[in-house]
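Pasting the sequence and the predicted model now:
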Amino acid sequence: MSRIIVITSGKGGVGKTTITANLGSAIAQRGRKIALVDADFGLRNLDLLLGLENRVVYTAIDAIAGDCRLEQALVRDKRQPGLALLPAAQSRNKEAVTPEQMEKLIGAIAESFEYVLIDCPAGIELGFRNAIAAANEAIIVTTPEVTAVRDADRAIGLLEANDIKDIKLIVNRIRPEMVQLNDMMSVEDVLEILAIPPIGIIPDDERIIIASNKGEPVVMDTNLTLPAIAFQNIARRLDGEEVPFLDLMAAHNTLFNRIRRFFRN
Amino acid sequence: MSDDSDSPISPKDTDLDELSLETEAERAPDPPKSPSPAKKEGDIALVNPRSQVRLVKHKGKLHLIFPTTQKLPVKAHWTEIWEQLKHRLNAGEQFWQPGTPIELIAADQLLDTRQLQTIAEALAKANLDLQRVKTSRRQTAVAAATAGYSVDQQTHAMAVDLQQVADSSAENWSPPMYIKSTVRSGSEVQHPGTIVVLGDTNPGSTLIAAGDILILGRLRGIAHAGSQGNYTCQILALQMEATQLRIGEAIARPPESPPEGYYPEIAYMTPSGIRLARAVNFFKTHSFVINLESWVDSFS
Ligand SMILES: Nc1ncnc2c1ncn2[C@@H]1O[C@H](COP(=O)(O)OP(=O)(O)O)[C@@H](O)[C@H]1O
Ligand SMILES: [Mg+2]
């Protein structure tokens, strides 16, 4: 059975779309067949980050409405053979899509892919329910900020209420120097509240923004960077490999030790 | 009350009152509180337990009671009810036998066949067998009949009757509700009895109990004990970091600065408001005085 994973957060702007694009590419690099579904109707972004904007002809809504075949709506990436994107519609009334329709659509996609990643919109309204309808796993994304963590907590509660029990955590945009100065919540603080297993910790890194602007996820860069390794590690952990967490606090080892201690307990 | 003794049998209480007790909740030691407390409207939004989905055992039968439509925010009826139902079924200890028949009191909620089906499936997963639907809506009655349940279409009378049973005092409290998971932001748990949490409650969560609240973990959300005006009720937590504590109609916020170390603490009513004390010796040193509706330190 293929794995259908929704990337969600509650709060907007924490890195869901960035993570969907990079994690998707990292999984494709491992030779997996993967489909990325942009469920953020109205705010189409994922195609941009993947550099596929100019190849979008049909969207998820067209496929649901039967205006095209599913195959036609899936955009393939020449640079990444295993990867396909189902773009979101920008125009048509997004309220028109129901969770049942999304479930059916994504179920159909899952028949020909090993992984389906769903990029969820912010909020906990209909868009959220559409995005989670077909998922059997979830990755919660948060930044180390009180508001993001609060919203992530709410989203976890809703996922649980909808019988999605396999939930992992990514803490994005960690800035070691700020954690060190006690100006930022540590990963440990975040884990303590959310109480779900972490699957990745991603540094705040401007190369991620530069890569986004170029439409080429950092993991596709031939130079291996720290954020790229972080994404590749998440892909490996998803595949069941045991990969130690990156030591983002290389200069000052304290956080890493504290995380390690957390896992041991 | 604020004795400075540090003797082990009379632990020094943390004086919440002094720090930041909300003034509207201030209760003077004398004259004692009038026997029928005037309900203060507005300031303290005491959440009505009738706005919740409830599982009630009455005369040996199980009932699933939905709130009436006026008790819920206009737009979110079904979503709200569904979420509450799932939490209610997931969180609670199952105090029933597998296959126990259950009756749905749908009040004036509009439910279609598919929604009834969904409810029945969720109940079946919790080993409950939906058999009968009581409703005051004709469409809901038709949907229920179509789906094959026995139907009672009637006025509010029956539902109101049960509501009162559910609302009543200590001897009628439901058995304690056990929550064996993290209570997360946005979830509001109400129970017409005592709530026991084996885990943490997170900021943004709310627990409301007609009885006591016992948290074997961190209390970080809002906790409201004795929500129907029972001032003997208490709130206990292994680690007290509550956003807000309420007992009856009194409200307190814990000190801004966290204490140096955490130890189990108990929040209780005194003549001057809610206070915190170390939990270990509390019951050796305190007793409840009915006409003050307060706990007093028997050693001071
Ligand atoms: N680890 C990171 N380091 C630096 N910038 C980041 C990082 N993750 C995300 N961003 C930036 O944050 C912004 C919001 O990210 P996005 O993925 O669109 O969030 P969401 O999809 O959750 O709304 C983007 O400008 C993105 O480039
Ligand atoms: Mg996005």
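Everything's here; your move. Numbering: from 1, shown residues only, chains lettered A, B, ... in the order given. Ligands and ions are numbered 1, 2, ... in the order given.

A:Phe245: neighbour count?
Per other CB atoms under 10 Å in any protein chain shown, the neighbour tally for A:Phe245 reads 17. Every residue, glycine included, has its C-beta placed from N, CA and C.

Next one: the closest residue to B:Ala237 other than its chain neighbours from A:Leu191, what distance?
Nearest residue to B:Ala237 in three dimensions, chain neighbours excluded: B:Leu219, at 3.7 Å (CB to CB, 6 or more residues apart in numbering or on different chains). Distance, B:Leu219 to A:Leu191, by CB to CB, to the nearest Å: 19 Å.

Spell out the secondary structure type for the closest residue to ligand 1 within the stretch 51-200 of chain A.
Of all residues in the stretch 51-200 of chain A, A:Arg173 sits closest to ligand 1, at 4.5 Å by CB to the nearest ligand atom. The local conformation at A:Arg173, judged by DSSP: H, G, I helix; E, B strand; the rest coil, is strand.

Could you measure from A:Arg32 over to A:Asn233?
Separation of A:Arg32 from A:Asn233 (CB to CB) stands at 15 Å.

how about the residues of chain B that lie near chain A?
Taking CB under 8 Å from any CB of the partner chain as the contact definition, chain B meets chain A at B:83, B:86-87, B:90, B:181-182, B:184-187, B:200, B:202-204, B:220.

Now, of those residues, which are buried?
Neighbour counting over these (16 or more other CB atoms under 10 Å in any protein chain shown) leaves B:83, B:86-87, B:90, B:182, B:184-187, B:200, B:202-204, B:220 as the buried ones.

from those residues, which ones fall inside helices?
B:Glu83, B:Lys86, B:His87, B:Asn90 (DSSP state H).

any weak-confidence spans in the stretch 101-250 of chain A?
The stretch 101-250 of chain A contains residues with pLDDT under 70 at A:249-250.

need the strands for it, in chain order.
With DSSP state E, counting those that start in this stretch as the criterion, the stretch 101-250 of chain A has strands at A:115-119, A:137-142, A:167-174, A:198-203.

a markdown table for the ones you listed, including distance to A:Gly215 and mean neighbour count?
Formatted as a markdown table, the strands of the stretch 101-250 of chain A follow (distance: least, CB to CB, whole Å; neighbours: other CB atoms under 10 Å in any protein chain shown):
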| stretch | distance to A:Gly215 | mean neighbour count |
| --- | --- | --- |
| strand A:115-119 | 16 | 26 |
| strand A:137-142 | 21 | 26 |
| strand A:167-174 | 20 | 22 |
| strand A:198-203 | 19 | 22 |
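
Format these as a markdown table; extra columns: distance to A:Met1.
Listed next are the strands of the stretch 101-250 of chain A as a markdown table, based on distance: least, CB to CB, whole Å:
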| stretch | distance to A:Met1 |
| --- | --- |
| strand A:115-119 | 11 |
| strand A:137-142 | 11 |
| strand A:167-174 | 18 |
| strand A:198-203 | 20 |
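
how near is B:Leu245 to A:Glu125?
When B:Leu245 is compared with A:Glu125 (using CB to CB), they lie 32 Å apart.

So for the two, which sits in the more crowded spot?
Just comparing B:Leu245 and A:Glu125: by other CB under 10 Å the higher neighbour count belongs to B:Leu245, 26 against 12.

ends of stretch A:73-80, how far apart?
One end of stretch A:73-80 sits 17 Å from the other (CA to CA, to the nearest Å).

What mean pLDDT does that stretch get?
Per-residue pLDDT over stretch A:73-80 has a mean of 94.

The residue of the stretch 51-200 of chain A closest to ligand 1 against A:Val141, yeah?
No: using CB atoms under 8 Å, A:Arg173 makes no contact with A:Val141, being 9.7 Å away.

list residues touching both of those two?
Common neighbours of A:Arg173 and A:Val141, using CB atoms under 8 Å, 6 or more residues apart in numbering or on different chains, are A:Val14, A:Gly15.

so what's residue 141 closest to, chain neighbours aside?
In the absence of a named chain, chain A is used. By the measure of CB to CB, 6+ apart, the closest residue to A:Val141 outside its immediate chain neighbours is A:Ser9, 4.4 Å from it.

Can you look at chain B instead?
Distances taken as CB to CB, 6+ apart put B:Gln153 closest to B:Ala141, at 4.0 Å, once the chain neighbours are dropped.

now the helices: where do they sit in chain B?
With DSSP H as the criterion, chain B has helices spanning B:16-20, B:77-91, B:113-125, B:138-146, B:157-167, B:282-285.

which parts of the fourth one are buried?
Using 16+ other CB under 10 Å as the burial criterion, the residues of helix B:138-146 that qualify are B:Thr140, B:Ala141, B:Ala143, B:Ala144.

and that helix, what does it pack onto?
Packing partners of helix B:138-146 (3 or more CB pairs under 8 Å, 6 or more residues apart in numbering or on different chains; DSSP states H and E): helix B:113-125, strand B:128-135, strand B:150-153.

Alpha carbons of the second one, as PDB, please.
Meaning strand B:128-135. C-alpha atoms of strand B:128-135 as PDB (Å, rounded to 0.1, in the frame of the first residue of the first chain):
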ATOM      1  CA  LEU B 128     -21.700   0.800  21.200                       C
ATOM      2  CA  ASP B 129     -24.800  -0.200  19.200                       C
ATOM      3  CA  LEU B 130     -26.900   2.700  18.100                       C
ATOM      4  CA  GLN B 131     -30.500   1.500  18.100                       C
ATOM      5  CA  ARG B 132     -32.800   4.400  18.800                       C
ATOM      6  CA  VAL B 133     -32.900   8.100  17.700                       C
ATOM      7  CA  LYS B 134     -34.900  10.800  19.500                       C
ATOM      8  CA  THR B 135     -35.300  14.000  17.700                       C
END
